[in-house]
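Colleague: need coordinates for the below:
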Amino acid sequence: MSNIDNQNSLLDTLQNKLWIFNEQMFFNLQKNNITRNSSLKKLQYWEKNWLVYRLKKWLYIVKKSKVNVYRIANELYTPSYISLDTILSIYSIIPDLVLNIYSVTTKDKKEFNNDYGNFIYKTLKKDYFDFWFEKKGKGNDIYYIALPEKALLDFLYFRMKEINISQNLISQIIKWDLNNLDKKKLKKVFDWFSAFRFSNLDELNFNLIYEYSNKFNKKKLLCLIKLLDYYKSTDYYDDYL
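Modeller: Below is the predicted model:
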C-alpha cells in the first residue's frame, strides 16, 4: 500500500470511528508500524497541510468531517454539557441568535476560541451539575445537552445576582403570600424578565423546574422561578404593563 493510500486509510478511520481525537489515539491507530516520535511528526505535518485541525493542545478534528459544534464543545472541556443561552435559544425560550456555545462544567470557568466557534464554560458545583442532561446523537457523534428546564435554571442561577430582591419579598413569594406583595417591587423583577424576552414558557414543565430548583437550595433562585411561573400568566402580567 502506498503512502497516499495509508494516509487516506488512516484519515477514513479517524473520521469514521473517532472524528475528534487526541495525539495518543492517533498513535494507537498506527503504533505497530511507527514510533511515537514519528507519529507526532506525522500529526504535525497533517496539521500544517490542513488534513486535520487542532482544536486545542493535543486535540484534533479531521478537516473534512461534518462538524457538530455541540460534540466539539463536549470534547474541548470535560466534564461538560451544553446549557444556558444555547439551549434556551434552541428551544426558542429566548429569541436571540446565540453565537457562542455555552456549557456548564464542574471545572474552573474556561473559554476556547477556534475556527468552529467561541466555546464558553461556566462552573457549577457538582451537586448542581449531575442531573437532568441527556445524550444526543449516535455512533461517534454523541454529545450531551441540558434539558430546557435545567438550562433555564442554570441561566437564572448565573444571572440572579443582577436583580436585587429583599429578603422580606423572597420570604413572601416562597410562602406564596401573593396578596400582600408590593407591586412596584414585582414590576421591577418582571421588567428584568422582560429584558430577556422570554417566550414559550408554557412549553416547559414547571413542576420539574421546582424539583430541580430544590437541588440548588437557593431561596432567591426558587423565588425567581415562582415569579417567572407567575409572569408567564398573561392576565396577571397585563396588570403591570
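
Colleague: and the stretch of helix or strand residue 47 belongs to, what does it pack against?
Modeller: In this assignment (DSSP states H and E), residue 47 forms part of helix 36-48. Helices and strands touching helix 36-48, by 3 or more CB pairs under 8 Å, 6 or more residues apart in numbering; DSSP states H and E, are helix 23-28, strand 52-56. Every residue, glycine included, has its C-beta placed from N, CA and C.

Colleague: quick one: strands adjacent to the shortest one?
Modeller: Here strand 52-56 is paired, per DSSP bridges, with strand 59-62 (antiparallel).

Colleague: immediately after the strand it pairs with, which helix or strand?
Modeller: On the C-terminal side of strand 59-62, the closest following helix or strand by DSSP H and E is helix 69-76.

Colleague: avg pLDDT for the helix holding residue 47?
Modeller: Helix 36-48 shows a mean pLDDT of 91.

Colleague: buried stuff in it?
Modeller: 39, 42-43, 46 (16 or more other CB atoms under 10 Å).

Colleague: dump the helices and strands packed on helix 36-48 to JSON lines, plus distance to residue 142, mean neighbour count and mean pLDDT.
Modeller: Converted to JSON lines, those look like this (distance: least, CB to CB, whole Å; neighbours: other CB atoms under 10 Å; pLDDT from 0 to 100):
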{"stretch": "helix 23-28", "distance to residue 142": "16", "mean neighbour count": "16", "mean pLDDT": "89"}
{"stretch": "strand 52-56", "distance to residue 142": "17", "mean neighbour count": "17", "mean pLDDT": "94"}
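
Colleague: quick one, which of those is nearest to residue 184?
Modeller: Residue 184 sits nearest to strand 52-56 of all the helices and strands packed on helix 36-48, at 49.1 Å, using CB to CB.

Colleague: kindly export that closest one (C-alpha atoms) in CSV.
Modeller: C-alpha atoms of strand 52-56 as CSV (Å, rounded to 0.1, in the frame of the first residue of the first chain):
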residue,chain,number,x,y,z
VAL,A,52,-6.5,17.9,10.5
TYR,A,53,-7.3,21.0,12.6
ARG,A,54,-6.1,21.5,16.2
LEU,A,55,-9.0,22.5,18.4
LYS,A,56,-6.7,22.9,21.4
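
Colleague: and it with helix 69-76, angle?
Modeller: Inter-element angle recorded for strand 52-56 and helix 69-76: 60 degrees (by axes from the mean of the first three to the mean of the last three CA atoms, to 10 degrees).

Colleague: residues contacting strand 52-56, please?
Modeller: 14, 20, 43, 46-47, 60-63, 72, 75-76, 112, 114-116 (CB atoms under 8 Å, 6 or more residues apart in numbering).

Colleague: next one: stretch 90-99
Modeller: Residues contacting stretch 90-99 (CB under 8 Å, 6+ apart): 85-86, 88-89, 117-118, 148, 151-152, 196-201, 203-204.

Colleague: the nearest residue to residue 212 once chain neighbours are set aside: helix or strand, and which one exactly?
Modeller: Spatial nearest neighbour of residue 212, chain neighbours left out: residue 153 (5.2 Å); criterion: CB to CB, 6 or more residues apart in numbering. Element membership of residue 153, judged by DSSP H and E, is helix 148-159.

Colleague: in that helix, what's buried?
Modeller: 148-158.

Colleague: just the closest of these to residue 7, please.
Modeller: residue 151 (41.7 Å).

Colleague: what residues does the residue nearest to that closest one when sequence neighbours are not counted make contact with?
Modeller: Of all residues not flanking residue 151 in the chain, residue 87 sits nearest, at 3.6 Å (CB to CB, 6+ apart). With CB under 8 Å, 6+ apart as the criterion, the residues that contact residue 87 are 102, 145-146, 148, 151.

Colleague: three-state assignment of residue 87?
Modeller: helix (DSSP: H, G, I helix; E, B strand; the rest coil).
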